[in-house]
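Novice: Sequence and predicted model, in that order:
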Amino acid sequence: MNSTGSAMEFKHFLFLWFGAAVSIAEIFAGGILAPLGFASGISAILLGHLIGIVLLVLCGIIGSRERISAIESTRISFGSYGVYLFSILNVLQLVGWTAIMIMSAAKSANEVTKMLWQGDYLVGWQLAIGGLIMLWIALGREGGWKKANIAAVVMLFVLTLVLSGLVFNNISGLSQIPAVGGMPFSAGLELSVAMPLSWLPLIADYTRYAKSAKSSAWGSGLGYFIGSCWMYIIGLGVALTAGTADPASIMVAANLGLAALGIIILATVTTTFMDAYSAGVSFSSLCPGLNEKYIALFMAVIGTMLALIVNMEQYESFLLAIGSVFAPLFAIVLTDYFWLKNRRIRPELKANFLALAVWGLGVALYYKFLAWELAIGATIPVLVLVSLLYAIVGRVANPWMYCKLSAKHSSK
């Protein structure tokens, strides 16, 4: 691939993942970190995202090299049956994200329209935003879809600059707001890591089409790092100054009512269509032969219906649950691929129970480390311990298991 084509692909993935990061849900997540104060909150955001982005880039490289989806890559380590479990978990988290994104955006949009035109339009906004997501999915992955996505991200970039100016017009005042306690730094770190971790089962769904593994993976990682950190910091600033992470009231107060609607709707659509589309990809791995786009549309319908009854009171718990599942899972996949050099799907491996046991131990350790409130959080020690343990298992036990399974397969 020539340098011009590589640069274009880098830019495409940079825009795609920057747009994925610009969302109301990410702003709300940043607002949860307000008890840390401004300086500690920013430190947790940057460090947490750096950890998550390294994993995101590595998973993206696997997808572009092997031309397989993120969930398919788990088949390398867990076998053809083991991957079903993670496909189901991924579909559940993606449908959950779809519902949360629609609900949070509709809530903010409703606040704007209540101030502009009076009246409660929450249900209408939920249905309208869900419909726009379905339209975005229907545009497809080629031609017009790419142009529409780039145009939307450019508009979001301009509107986000305006929002940033409103929030940080007195940054020295933000730094003087004292931390109120109630949240250890480790918890803030984990809430920052969890957001990029939630994209680990999705990134290869897009990089598998790339011509350059380096351009696609680093474009994705850089775009998401910039966009997500930015959204978190906006949420942190809004929560510290206004007592809420919802930016709608600030934009309306600055006479940006229509612009507020624009950033809320565009940010939600460009992000949430990726959740619904990847839910379709994961579900089609459970039922081969189904059309990914049609399944994605169906998932968007389910997410829209759930948005009518979902509340965000458990948002923090939802983020931590994502970290507990996917941190040890992809620690095993990355260890297998980059350390143990196991880079092909073995048809004879139906289920790797040793890998599943290590993963289950990793989930338990994650919550144990959270309870201990370690200064480095839970993700880092889980990644290190799971990777080391699996490397030992992979070098000692797995070769024997593969040989045994291969012998059975050959005897048939």
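Specialist: Looks like it came in fine. Residues are numbered from 1 along each chain as shown.

Novice: what's the closest non-adjacent residue to residue 231?
Specialist: Among residues not flanking residue 231 along the chain, residue 26 sits closest, at 3.7 Å (Cβ to Cβ, 6 or more residues apart in numbering). Where C-beta positions appear, they are placed from N, C-alpha and C, glycine not excepted.

Novice: same check, this time on residue 204
Specialist: Nearest non-adjacent residue to residue 204, counting by Cβ to Cβ, 6+ apart: residue 63, 2.4 Å away.

Novice: residue contacts, the one you found?
Specialist: Contacts for residue 63 (Cβ atoms under 8 Å, 6 or more residues apart in numbering) come out as 69-70, 73, 203-208.

Novice: tell me the contacts of the residue nearest to residue 231?
Specialist: Counting by Cβ under 8 Å, 6+ apart, residue 26 touches 195, 227-228, 231-232, 235.

Novice: Among these, which lie within helices?
Specialist: In helices, judged by DSSP state H, the following of the contacts of residue 26 are found: 195, 227-228, 231-232, 235.

Novice: Check those residues and tell me the two furthest apart.
Specialist: With distances taken as Cβ to Cβ, the most widely separated pair in those is 227 and 235, at 12.7 Å.

Novice: Tell me how many other residues surround residue 119.
Specialist: Other residues lying near residue 119 total 9 when counted by other Cβ atoms under 10 Å.

Novice: no wait, residue 193
Specialist: Around residue 193 there are 29 residues (other Cβ under 10 Å).

Novice: Count the neighbours of the closest residue to it other than its chain neighbours for me.
Specialist: Take residue 193 and drop its neighbours on the chain: the residue closest to it by Cβ to Cβ, 6+ apart is residue 48, 4.2 Å away. The number of residues packed near residue 48 is 27, by other Cβ under 10 Å.

Novice: Do you know the pLDDT at residue 48?
Specialist: Looking at residue 48, its pLDDT stands at 95.

Novice: Point me to the helix or strand that includes it.
Specialist: For residue 48, the enclosing helix or strand under DSSP states H and E is helix 38-66.

Novice: Same question for residue 356.
Specialist: Assigned by DSSP H and E, residue 356 falls in helix 353-372.

Novice: In that helix, which residues are buried?
Specialist: 354-356, 358-359, 361-363, 365-366, 369-370 (16 or more other Cβ atoms under 10 Å).

Novice: export it as PDB, just CAs?
Specialist: C-alpha atoms of helix 353-372 as PDB (Å, rounded to 0.1, in the frame of the first residue of the first chain):
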ATOM      1  CA  PHE A 353     -11.400 -25.200  29.300                       C
ATOM      2  CA  LEU A 354      -8.000 -24.100  30.700                       C
ATOM      3  CA  ALA A 355      -8.300 -20.700  29.000                       C
ATOM      4  CA  LEU A 356     -11.900 -20.400  30.300                       C
ATOM      5  CA  ALA A 357     -10.700 -21.200  33.800                       C
ATOM      6  CA  VAL A 358      -8.000 -18.500  33.600                       C
ATOM      7  CA  TRP A 359     -10.600 -16.000  32.300                       C
ATOM      8  CA  GLY A 360     -13.000 -16.800  35.200                       C
ATOM      9  CA  LEU A 361     -10.200 -16.400  37.700                       C
ATOM     10  CA  GLY A 362      -9.400 -13.000  36.000                       C
ATOM     11  CA  VAL A 363     -13.000 -11.800  36.500                       C
ATOM     12  CA  ALA A 364     -12.900 -12.800  40.200                       C
ATOM     13  CA  LEU A 365      -9.500 -11.100  40.600                       C
ATOM     14  CA  TYR A 366     -10.800  -7.900  39.000                       C
ATOM     15  CA  TYR A 367     -13.500  -7.400  41.600                       C
ATOM     16  CA  LYS A 368     -11.100  -8.400  44.400                       C
ATOM     17  CA  PHE A 369      -8.600  -5.700  43.300                       C
ATOM     18  CA  LEU A 370     -11.400  -3.200  43.100                       C
ATOM     19  CA  ALA A 371     -12.400  -3.900  46.700                       C
ATOM     20  CA  TRP A 372      -8.700  -3.500  47.700                       C
END
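
Novice: Quick one: list the elements packing against the very next helix or strand once past it.
Specialist: Where DSSP H and E defines the elements, the next helix or strand beyond helix 353-372 is helix 379-396. When contacts are defined as 3 or more Cβ pairs under 8 Å, 6 or more residues apart in numbering; DSSP states H and E, helix 379-396 sits against helix 38-66, helix 185-197, helix 315-334, helix 353-372.

Novice: Recalculate using a threshold of 6 Å.
Specialist: Packing contacts for helix 379-396, counted by 3 or more Cβ pairs under 6 Å, 6 or more residues apart in numbering; DSSP states H and E, involve helix 315-334, helix 353-372.

Novice: Mind picking out the helix or strand in the chain with the poorest mean pLDDT?
Specialist: Lowest by mean pLDDT, DSSP states H and E among the helices and strands of the chain is helix 398-411, with a mean of 47.

Novice: and stretch 126-142, which residues are buried?
Specialist: Buried residues in stretch 126-142, counted by 16+ other Cβ under 10 Å: 126-130, 132-134, 136-137, 139.

Novice: tell me the mean pLDDT for stretch 51-62?
Specialist: Averaging pLDDT along stretch 51-62 gives 93.

Novice: The stretch 101-250 of the chain: helices as residue ranges?
Specialist: 122-138, 144-167, 171-175, 185-197, 204-207, 213-242, 248-253 (DSSP state H, counting those that start in this stretch).

Novice: With residue 32 as the reference, name the closest of those helices.
Specialist: Of the helices of the stretch 101-250 of the chain, nearest to residue 32 by Cβ to Cβ is helix 185-197, at 5.9 Å.

Novice: helices and strands around that closest one, which ones?
Specialist: So helix 185-197, by 3+ Cβ pairs under 6 Å, 6+ apart, packs with helix 38-66, helix 315-334.

Novice: now for these, which one comes closest to residue 345?
Specialist: The nearest among the helices and strands packed on helix 185-197, by Cβ to Cβ, is helix 38-66 at 8.6 Å.

Novice: Kindly calculate the angle that the closest one makes with helix 379-396.
Specialist: Interaxial angle, helix 38-66 versus helix 379-396 (axes from the mean of the first three to the mean of the last three Cα atoms, to 10 degrees): 30 degrees.
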